[in-house]
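J.: Need coordinates for the below:
(one chain, ligands or ions: 1)
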Amino acid sequence: MKRFVLSSLALLAVACTFAASAHTGVKSAKPPNEAVLDSSPPAIEIAFEHAVQMTSVVVTEADKSERKLAFAPTTGAALITIDKPGLHAGRNEIRWKALSRDGHVIDGTLVYVVKAANASP
Ligand SMILES: [Cu+2]
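T.: Residues are numbered from 1 along each chain as shown. Alright, predicted model coming up:
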């Protein structure tokens, strides 16, 4: 019995290693990562290879202040939309965390630079 438990654990570890390459990832983002924008986008869309359960989205603004962003849907979906993110001028780092279908926590960062309103030539 003890041997069985041990080998099950070993199997689980192996399965997890394989799963690491199997859990979902970002397919695309709109606007694309590293985009330089004239103003805050009306929405940010993050498309995943497979459905995820988004758990949090936080933006770190140029002055280092952090703000939570609302996203939808809050149930499992392959496309997550952050409506009216209200990004400020400067560098915005959007960090998201989600639960992959295989139970793994996945996360990532999108960077958007919003040009200052009075920076036009
Ligand atoms: Cu995984």
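
J.: contacts and neighbour counts: CA atoms only from here.
T.: Will do.

J.: which residues in this protein form helices?
T.: With DSSP state H as the criterion, the chain has helices at 2-22.

J.: center of it, which residue is that?
T.: Trp96 (3.4 Å; Cα atoms, centre = their mean).

J.: Can you tell me, leaving aside adjacent residues, what's nearest to that residue?
T.: Val57 (4.3 Å; Cα to Cα, 6 or more residues apart in numbering).

J.: Find the closest residue to the ion in the protein.
T.: His23 (3.6 Å; Cα to the ion).

J.: dump the residue contacts of that residue.
T.: His23 makes contact with Ser100, Arg101, Asp102, His104 under the criterion Cα atoms under 8 Å, 6 or more residues apart in numbering.

J.: Next, format those residues as JSON lines and append distance to Asn33, neighbour count and pLDDT.
T.: Putting the contacts of His23 into JSON lines (distance: Cα to Cα, whole Å; neighbours: other Cα atoms under 10 Å; pLDDT from 0 to 100) gives the following:
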{"residue": "Ser100", "distance to Asn33": "21", "neighbour count": "21", "pLDDT": "93"}
{"residue": "Arg101", "distance to Asn33": "24", "neighbour count": "15", "pLDDT": "88"}
{"residue": "Asp102", "distance to Asn33": "25", "neighbour count": "13", "pLDDT": "88"}
{"residue": "His104", "distance to Asn33": "23", "neighbour count": "14", "pLDDT": "92"}
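
J.: Tell me which two of these sit farthest apart.
T.: Arg101 and His104 (7.3 Å; Cα to Cα).

J.: coming back round to it: for the residue nearest to Trp96, give its distance to Ile46.
T.: 11 Å (Cα to Cα, to the nearest Å).
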